[in-house]
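# I'd like to go over a predicted model; first the sequence, then the structure.
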Amino acid sequence: MNCKAKGSRNERRTMKLLEAAGYRCMKAGASLGVFDVIGIGAADVVCVQVKSNAWPRSVEMDALEAFAVPPNVRKVVHRWKDRARQPDVRIVGTGIN
């Protein structure tokens, strides 16, 4: 499977998880923005950067942390390892993993 197909598959897996938690989700067009998936819930919004196997590098993490959002928006990274059923989740900007 090529990298683009793997990334798209993992974005769909992230959307499925968020939708099961009650969020309405959308993928960023061509994933050229800072975040790949946006989930809108009744009480908050979650912006997700989806990665396959590796965490974002420091330059990309700096861009995620610098992206200004309102207080009810969470920024997270989902890292999907090969053959994993759930992603590893890192909350951006809090130092909490």
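Looks like it arrived, so ask away.
# ends of stretch 79-89, how far apart?
End-to-end distance of stretch 79-89 (CA to CA, to the nearest Å): 6 Å.
# Only the buried residues of that stretch, if you could.
Using 16 or more other CB atoms under 10 Å as the test for burial, stretch 79-89 gives 79-80, 87. The way it works is simple: take the backbone N, C-alpha and C, and place the C-beta from them, glycine included.
# Mind checking which of these are in strands?
Among the buried residues of stretch 79-89, the residues falling in strands (DSSP state E) are 79-80.
# which one of the buried residues of stretch 79-89 sits closest to Ser8?
Trp80 (11.6 Å; CB to CB).
# Relative to Thr14, how far out is that closest one?
In this view, Trp80 and Thr14 are 8 Å apart by CB to CB, to the nearest Å.
# Quick check: neighbours shared by the two?
Shared contacts of Trp80 and Thr14, defined by CB atoms under 8 Å, 6 or more residues apart in numbering, are found at 50, 87.
# Give me the residue at the spatial middle of the protein.
Val48 (2.2 Å; CA atoms, centre = their mean).
# mind listing what's buried in the helix or strand that contains that residue?
Taking DSSP states H and E as the definition, Val48 sits inside strand 45-52. Residues of strand 45-52 classed as buried by neighbour count (16+ other CB under 10 Å): 46-52.
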